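Asks: Here is a sequence together with a model predicted from it:
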Amino acid sequence: MSIAMRIPASELSWVLEWEAIKGEKGRKEIGKRSGSAAGRVYCGRTEKLLASEGSRGKLKEVTAVEMRNFGAHVGVCYGLLGDNLPPPHEVIHLYKHNNIPRMRIYSPLPHVLQALRGSNIEVMVGVANEDLCHIATNMANAYSWVHNNIRNYANVNFRYIAVGNEIHPPAWEANHLLGAMKNIHRAISEAGLGNQIKVSTPFSTEILGESYPPSKGSFKPHMESFINPIIRFLVDTHAPFFLNMYTYFSYIGSPHLMSLEYALFTSPGVVVHDGQFGYQNMFDAVLDAAYSALEKAGGGSLEIVVAETGWPSAGGLASTVENARTYNTNLLRHVKGGTPKRPGKPIQTYLFSMFNENKKEPAFEKNWGLFYPNKQPVYHTRN
C-alpha cells in the first residue's frame, strides 16, 4: 500500500478553502488518494489486509485513570493485526478495568466472542467483505451466520452488526452489500433480536461529493443509486449511519494548505462560517456535511455513528505522541456535546485502536493504539 495518502475528493473543497484563507494564489491539484478515506479496511475472518485495511485511532491521554472518563457513547476498536497481542480474556479485562463500555471487532472470531461472554461490553461485530456475496444470495447463509456468531453467544451484549467495511462502487462487493444487510437483518429479526441489534455498514468519507460549506454536503452523484437504497433501509429499520472519519489523512494530504489546529480541535476561533453555524474543527464540519447529505437523500432522521477515528503516535507525518494525545483528548471531550447542526446529544464514537499492531504497513499504520501489546499505555495524561 502506498504511503502517499492524498486527500479524498470529499475533503478537497476544505483544502482549497484553507488555501483561500491563507491567501495563497493558484490552486494545486490534489488527486484522490488511493484506497478509502480512512486509508484501509479490515475484512475477513482472520482480519487479513485487503486493498485498504481498516482503521486506526487513538484515544485521549491514555492512563487508566483518565480512561475512566469514557462516556457511555464512546468505544474502542479491537484490531488483531499483531503477533504479540495479549489474549482476548486479558483484553476484556483491560476494557473493563478502564471502563471502556463499547468495542468494535472486525470479524466474529470465536475466541474473542468467548472472552466477551458476561462482560456486558457493548459489541459492534463485523461481517467480512468477502462473505457478503454468499450471504446476499442465500438466506440460509444469513441464518447460519447469525446462529453461529450471535445466537450461540447469548450472553454477549451485541449492539450493532457492521456488514462489510467501507464498500462503494466500483468494488464488486457493492453489488451485494444491501442484499447482505437485508438478509442479516431478517435473520436477526426472526431470532427476536431486531430491537436489540441494529444492522448497518460503515462508509468512508469518500462517498461525499460536495462538503463545503457543511450545509451543501451531498453524496457523489454517481453513488446515489448505490447509497440511496441503503439509506432507505436504515430509515426503515431505525438503524444508524456508520461513518469512518479521519481528519489526520486530510491534514497529511496537504499540510501546507490545511491547519493542523483545525484537525486537532485546537483552533483558537471559528474557521468556517456557514449561515448560523460556525466551525472550529474539521471533525464537526465533515460530520455536519454528512448530515446535510443524508437530509438531501431522505435520511434526515438518521443518527451518524463515527465507527472509526483517531490519530497515530509515530511513523509518519504529524504522527507524534503529543498530536495523538491532543486529538484523542479533545475528541473525547468534544463528542459529549454534538455538532453545530446536531447539538445537545453525544456522538457515538469508536476510537481505533486498542493496541499498536506490528503486522501492519507502512510504519505509521502500526502506531494507532492506546496501549502497547504489553498493556502499558502509549502516552500518559498531561496534568
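Replies: Now that the structure is in, tell me what you want to look at.
Asks: Tell me where the protein is predicted with low confidence.
Replies: Low-confidence segments of the chain (pLDDT under 70): 1-69, 380-383.
Asks: Find the centremost residue of this structure, please.
Replies: In the chain, the C-alpha nearest the mean C-alpha coordinate belongs to Glu308, at 2.0 Å (CA atoms, centre = their mean).
Asks: Surely that one is within a helix?
Replies: No - with DSSP: H, G, I helix; E, B strand; the rest coil as the criterion, Glu308 is assigned strand and is not in a helix.
Asks: quick one: it from Trp368, how far?
Replies: 10 Å (CB to CB, to the nearest Å). C-beta here means a position set from N, CA and C on the backbone, and glycine is covered the same way.
Asks: cool, Ser313 as well?
Replies: Here the criterion is CB to CB. By it, Ser313 lies 8 Å from Trp368.
Asks: Of these two, which one has the most company?
Replies: Using other CB atoms under 10 Å as the criterion, Ser313 and Trp368 rank with Trp368 on top: 32 against 26.
Asks: Does that one touch Ala314 like I think?
Replies: No - between Trp368 and Ala314 there is no contact under CB atoms under 8 Å: 9.6 Å.
Asks: Can you show me the CA trace of stretch 349-364 as CSV?
Replies: This file holds the C-alpha atoms of stretch 349-364, laid out as CSV (Å, rounded to 0.1, in the frame of the first residue of the first chain):
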residue,chain,number,x,y,z
THR,A,349,-17.8,7.3,18.5
TYR,A,350,-15.3,4.4,18.2
LEU,A,351,-11.6,5.1,18.5
PHE,A,352,-9.1,2.9,16.7
SER,A,353,-7.3,1.1,18.2
MET,A,354,-6.8,-0.6,21.5
PHE,A,355,-3.2,-1.7,20.7
ASN,A,356,-0.4,-0.9,18.4
GLU,A,357,-0.3,-3.7,15.7
ASN,A,358,3.0,-4.7,14.4
LYS,A,359,1.8,-6.6,11.3
LYS,A,360,0.5,-3.5,9.6
GLU,A,361,2.4,-1.5,7.0
PRO,A,362,3.6,1.2,6.4
ALA,A,363,5.2,2.3,9.7
PHE,A,364,2.6,4.7,10.8
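Asks: so what's the residue nearest to the centre of the chain bridging to?
Replies: Here Glu308 sits in beta bridges with Asn244, going by DSSP bridges.
Asks: That one and Gln348 touch, don't they?
Replies: No - if you go by CB under 8 Å, Glu308 and Gln348 don't touch, sitting 12.0 Å apart.
Asks: Check which helices and strands the helix or strand where Ser189 lies sits against.
Replies: Counting by DSSP states H and E, the element that carries Ser189 is helix 177-190. On a contact count with 3 or more CB pairs under 8 Å, 6 or more residues apart in numbering; DSSP states H and E, helix 177-190 meets helix 132-137, helix 139-149, strand 158-163, strand 198-200, helix 224-237.
Asks: who are the neighbours in contact with Phe70?
Replies: Counting by CB atoms under 8 Å, 6 or more residues apart in numbering, Phe70 makes contact with 98-101, 332.
Asks: And Thr237, by the same measure?
Replies: 185, 194, 198-199.
Asks: what do you get if the cut-off is 7 Å, keeping everything else the same?
Replies: When contacts are counted by CB atoms under 7 Å, 6 or more residues apart in numbering, Thr237 touches 185, 198-199.
Asks: Now flag whichever of these is closest to Ala285.
Replies: Taking CB to CB as the measure, Ala285 lies nearest Lys198 of the contacts of Thr237, at 26.5 Å.
Asks: measure that closest one to Gln348 for me?
Replies: Computed as CB to CB, the Lys198 to Gln348 distance reads 11 Å.
Asks: do His111 as well
Replies: 27 Å.
Asks: When these two are compared, which one has more neighbours?
Replies: Neighbour totals were compared for His111 and Gln348, and Gln348 leads with 22 against 10 (other CB under 10 Å).
Asks: ok, the more buried one - contacts?
Replies: By CB under 7 Å, 6+ apart, the contact list for Gln348 reads 73, 305-306.
Asks: 8 Å - rerun?
Replies: Applying CB under 8 Å, 6+ apart, the residues near Gln348 are 73-75, 240, 303, 305-306.
Asks: Same check on Gly338?
Replies: By CB under 8 Å, 6+ apart, the contact set of Gly338 is 344-347.
Asks: Can you tell me which of the contacts of Thr237 is closest to Asn328?
Replies: Of all those, Lys198 has the smallest distance to Asn328: 25.9 Å, by CB to CB.
Asks: give me the number of residues near that closest one?
Replies: With other CB under 10 Å as criterion, Lys198 counts 21.
Asks: ok, now Lys366?
Replies: Close neighbours of Lys366, defined as other CB under 10 Å, add up to 20.
Asks: so how far is Gln376 from the residue lying closest to it once chain neighbours are set aside?
Replies: Computed as CB to CB, 6 or more residues apart in numbering, the closest residue to Lys366 that is not its neighbour in sequence is Lys360, at 5.1 Å. To Gln376, Lys360 is 19 Å away according to CB to CB.
Asks: who's more crowded, the two?
Replies: For Lys360 versus Gln376, the count of surrounding residues by other CB under 10 Å is larger for Lys360: 22 against 9.
Asks: Just the element for the more buried one, please.
Replies: Judged by DSSP H and E, Lys360 forms part of no helix or strand.
Asks: i'd like the first residue to be 28 from this point on
Replies: Yes, from this point I'll number from 28; that puts the last item at Lys387.
Asks: Just the helices from the stretch 278-410 of the chain, written as ranges.
Replies: 287-291, 309-323, 348-361 (DSSP state H, counting those that start in this stretch).
Asks: Show me the one of the ones you listed that comes nearest Glu157.
Replies: Set against Glu157 and scored by CB to CB, the helices of the stretch 278-410 of the chain come closest in helix 309-323, at 26.9 Å.
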